[in-house]
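Enquirer: Return atomic coordinates for the entry below.
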Amino acid sequence: MSGRPRENGDGSAWSVNEDWESAHGLVNDLLQVDVTDMLVTELRTRFANEPLFLEVIDAMHNLDSAKSEQDRRRARHRALGYSIEDGRLWCIADGKSIRTRPRLECISQEEAVEMATQEHTKNGHWGRDLTKLKMMDCVYSPKLDRSITKAILA
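Expert: Presented below is the predicted three-dimensional model:
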């Protein structure tokens, strides 16, 4: 306010505090534990041998910045069909397929072999097709046929 006399209400009594934290408090707490990071680490460890699931998890949490733009777009597009809830990765129905379940839990190929062994034994050794039908109703795993065959032949 150069050259004018000061009046009440003209703003001349205001002061600017250089320390913005004095008005808002501490915004970035360094001691905060981020549960998302632990969840992502656990999922990445669980699906270490599953490139598809790793790509989806990385895309969901923006961990793929080192990849090319085309690879990131493809990963984001794939990630639209997945969600993470309760520490598990879920494959979501897109509304176009005739899948009976709206979402299926994603499991690794190793977990699929163990589950196929249990299903095959529990259902009286009915073979690959019945085991596959029962598993496809509740889980999603890449190369499920191969996992089931491996479990039956073991």
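
Enquirer: show me where the protein has helices.
Expert: 21-24, 35-46, 51-60, 69-79, 109-122, 128-136, 144-153 (DSSP state H).

Enquirer: just the ones you listed: most buried one?
Expert: helix 51-60 (a mean of 19; mean count of other C-beta atoms under 10 Å). Yep, even glycine has a C-beta here, placed from its N, CA and C like the rest.

Enquirer: Give me the contacts around that helix.
Expert: By C-beta atoms under 8 Å, 6 or more residues apart in numbering, the list of residues contacting helix 51-60 from outside reads 40, 43-44, 47-48, 63-64, 72, 75-76, 78-79, 82, 84, 89, 106, 108, 142.

Enquirer: Swap in 10 Å and give it another go.
Expert: 39-40, 43-44, 46-48, 50, 63-67, 71-84, 89, 91, 106-108, 140-142 (C-beta atoms under 10 Å, 6 or more residues apart in numbering).

Enquirer: How about stretch 75-95?
Expert: 35-36, 38-40, 42-43, 46-47, 50, 52-64, 67, 97, 99-107, 139-141.

Enquirer: Minimum distance to residue 13: which of the helices of the chain has it?
Expert: Shortest distance between residue 13 and the helices of the chain, using C-beta to C-beta, is found for helix 21-24: 17.1 Å.

Enquirer: same question for that closest one, mean pLDDT?
Expert: Helix 21-24 shows a mean pLDDT of 59.
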